[in-house]
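S.K.: missing the sequence, but the structure's below:
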Ligand SMILES: Nc1nc2c(c(=O)[nH]1)N[C@H]1C(S)=C(S)[C@@H](COP(=O)(O)OP(=O)(O)OC[C@H]3O[C@@H](n4cnc5c(N)ncnc54)[C@H](O)[C@@H]3O)O[C@H]1N2
Ligand code: MOO
């Protein structure tokens, strides 16, 4: 048996990092930047107004009050997008809109709420210091400043930033395309009738969604039965379009463990027993250069295996640190027991109790018991050396994607 850490290290040292390519901004959502992006101009590019109001010379309104307003002639309107804005001389004002360029000569903006809103002349009832409601050129970003570093995953805010510095495309490592394939002659599609001995395929739906949650693009393949030739053909067909393949089922000790049978000796694929529960039988290797993860068939085993091994590997393929799911330390609400010598992953529910996290293990911990996983929001991780933990003890808890 090998440890979880040994198996993960083995995977991480052989998964390839995806080659960068140029993508249009919205195609790059979820991709990881492979170049530094610098601002070609400052942001904002020019001094502009932060409010709808009037551009003034601050000294002209220094004495303005409700009782004795400053009254100024309005020379015109300046809207956002206007070019060639005329200068303001002392004693004059211009109506200005939010985002419009500040006219030369003006050094403050008075919001419309402090005025009578006049269009020929305006009465201003409060003073404003120089600089008031002016957004200066470069106060967001300086020209030449790096606004997104290589290794940044491009989410909404980062894509907005790239657009704001005028970039229509970016050099990125794309989201890995992951083909998910369930194996097992007992499996039927949800919606089909079940004959005796059959069950509906749940793993491929679960794992395809898990790929998305982990930042990849999941493709669910049609389930294959236990025919070795069919399984091998189906796998080989996928290699061309996949950056990685995830299978479930057929890797244990049974007479019909077809994935193990057809992949043993293929590429660099190897099968191991890993000291964990659930998820003991694992296979991994490169097939024609493509990483193939052969996860065990029991649904909870497949899910935990995905989170522990596949998720960090997909991150590594995008050049990201292979971080595990985020963990917190939590206090057990009840005692837990664990077999010696294996790392035990227990489905649980986490709650924040004012000043600390408390965690309650679920009732059904069998690796076929998907209901307790579907109701869980966390996984208690008991190290291999632990055989029991009392209520009140502190444990490490992985938070599940929500
Ligand atoms: N003699 C031994 N038997 C088993 C061992 C062992 O060490 N010695 N290990 C057990 C453990 S632990 C696991 S986990 C499973 C792994 O088995 P396989 O990966 O070969 O998976 P299957 O036999 O194909 O299926 C196991 C179980 O899961 C159900 N299944 C499979 N695929 C799906 C799917 N897509 N959706 C829903 N359910 C699925 C399948 O019907 C079986 O009930 O082996 C133990 N046995
Ligand atoms: O390890 Mo199996 O994955 O426990 O049911």
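M.R.: Structure's in. What do you need? As the structure is a computational prediction, the values presented were derived from the model and not from experiment. Ligands and ions are numbered 1, 2, ... in the order given.

S.K.: going forward, measure contacts and count neighbours with C-alpha atoms only.
M.R.: Noted.

S.K.: Quick check: residues of the stretch 151-300 of the chain near ligand 2?
M.R.: By Cα under 6 Å from any ligand atom, the residues of the stretch 151-300 of the chain that approach ligand 2 are 277-280, 296, 298.

S.K.: Strands - which of those residues land there?
M.R.: residue 277 (DSSP state E).

S.K.: The residues of the stretch 151-300 of the chain next to ligand 2: which ones sit near ligand 1?
M.R.: By Cα under 6 Å from any ligand atom, the members of those lying near ligand 1 are 279-280, 296, 298.

S.K.: From ligand 1, how far off is residue 227?
M.R.: 12 Å (Cα to the nearest ligand atom, to the nearest Å).

S.K.: in terms of contact, does residue 217 touch residue 210 like I think?
M.R.: No - taking contacts as Cα atoms under 8 Å, residue 217 lies outside contact range of residue 210: 9.6 Å.

S.K.: For the ones next to ligand 1 among the residues of the stretch 151-300 of the chain next to ligand 2, name the two members farthest from one another.
M.R.: Maximum pairwise distance among these (Cα to Cα): 10.5 Å, between 280 and 298.

S.K.: which one of these two has more residues nearby?
M.R.: Remark: of residue 280 and residue 298, residue 280 carries more neighbours, 23 against 20, as counted by other Cα atoms under 10 Å.

S.K.: Give me the secondary structure label for the nearest residue to residue 362 once chain neighbours are set aside.
M.R.: Ranked by Cα to Cα, 6 or more residues apart in numbering and with sequence neighbours excluded, the top spatial neighbour of residue 362 is residue 348, at 5.0 Å. When classified by DSSP: H, G, I helix; E, B strand; the rest coil, residue 348 comes out as strand.

S.K.: Start at 311, not 1
M.R.: Renumbered: residue one is now 311, and that last one reads residue 658.

S.K.: any idea how far residue 658 is from residue 688?
M.R.: Applying Cα to Cα, to the nearest Å, the value for residue 658 to residue 688 is 5 Å.

S.K.: which intervals of the stretch 361-510 of the chain have sub-threshold pLDDT?
M.R.: Across the stretch 361-510 of the chain, nothing is flagged by pLDDT under 70.

S.K.: Point me to the residue of it nearest ligand 1.
M.R.: residue 492 (4.7 Å; Cα to the nearest ligand atom).

S.K.: what's near enough to touch that residue?
M.R.: 511, 513-514, 531-534, 557-559 (Cα atoms under 8 Å, 6 or more residues apart in numbering).

S.K.: In PyMOL, how would I select just the buried ones from those residues?
M.R.: Buried residues among these (16 or more other Cα atoms under 10 Å), as a PyMOL selection:
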select buried, resi 511+513+514+531+533+534+557+558+559
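
S.K.: quick one, helices of the stretch 511-660 of the chain?
M.R.: All helices of the stretch 511-660 of the chain, identified by DSSP state H, counting those that start in this stretch, fall at 513-523, 538-549, 568-573, 609-615, 621-627.

S.K.: Out of these, which is the most enclosed?
M.R.: Across the helices of the stretch 511-660 of the chain, the average number of neighbours (mean count of other Cα atoms under 10 Å) peaks for helix 609-615, which reaches a mean of 25.

S.K.: Enumerate the positions of stretch 495-515 that are buried.
M.R.: Residues of stretch 495-515 classed as buried by neighbour count (16+ other Cα under 10 Å): 496-498, 509, 511-515.

S.K.: pLDDT at the residue in the stretch 311-460 of the chain that ligand 1 sits nearest to, what is it?
M.R.: Proximity to ligand 1, evaluated over the stretch 311-460 of the chain using Cα to the nearest ligand atom, is greatest for residue 311 at 11.1 Å. pLDDT, residue 311: 94.

S.K.: what do you get for residue 563?
M.R.: With respect to pLDDT, residue 563 scores 81.

S.K.: residues near it, how many?
M.R.: Look at residue 563: counted by other Cα under 10 Å, it has 9 neighbours.

S.K.: ok, which residues in the stretch 461-610 of the chain are in contact with ligand 1?
M.R.: Taking Cα under 6 Å from any ligand atom as the criterion, the neighbours of ligand 1 within the stretch 461-610 of the chain are 492, 494, 511-514, 558-563, 567, 589-590, 606-609.

S.K.: and stretch 605-616, how far out from the chain's middle?
M.R.: 22 Å (Cα atoms, centre = their mean, to the nearest Å).

S.K.: scratch that, stretch 702-712 is what I was asking about
M.R.: The answer for stretch 702-712 is 20 Å, by Cα atoms, centre = their mean.

S.K.: contact partners of it?
M.R.: So stretch 702-712 is contacted by 523, 635-644, 687-692 (Cα under 8 Å, 6+ apart).

S.K.: Ok, stretch 637-650 next?
M.R.: Stretch 637-650 is contacted from outside by 654, 660, 666-671, 692, 694-709, using Cα under 8 Å, 6+ apart.

S.K.: hey, where'd the helices end up in the stretch 311-460 of the chain?
M.R.: Shown for the stretch 311-460 of the chain, the helices assigned by DSSP H, counting those that start in this stretch span residues 314-324.

S.K.: so where do the strands sit in it?
M.R.: Assigned by DSSP state E, counting those that start in this stretch, the strands in the stretch 311-460 of the chain fall at 331-334, 342-343, 347-348, 358-359, 363-366, 380-388, 403-406, 418-421, 431-434, 444-445, 456-458.

S.K.: Pretty sure residue 482 sits in a helix.
M.R.: No - applying three-state DSSP, one finds residue 482 to be strand, outside a helix.

S.K.: Buried residues, stretch 466-475. List them.
M.R.: For stretch 466-475, the neighbour count (16+ other Cα under 10 Å) marks 468-469, 471-472, 475 as buried.

S.K.: Now do that stretch: everything it contacts.
M.R.: With Cα under 8 Å, 6+ apart, stretch 466-475 has contacts from 335-336, 339, 347-351, 353, 457-458, 478.

S.K.: and if you look at stretch 513-526?
M.R.: Under the contact criterion Cα under 8 Å, 6+ apart, stretch 513-526 has outside partners 340, 485-492, 527-531, 558, 607, 609, 612-613, 616, 621, 624-625, 711.

S.K.: let's see it at 7 Å
M.R.: Stretch 513-526 is contacted by residues 340, 485-488, 490-492, 527-530, 558, 609, 613, 621, 711 when judged by Cα atoms under 7 Å, 6 or more residues apart in numbering.
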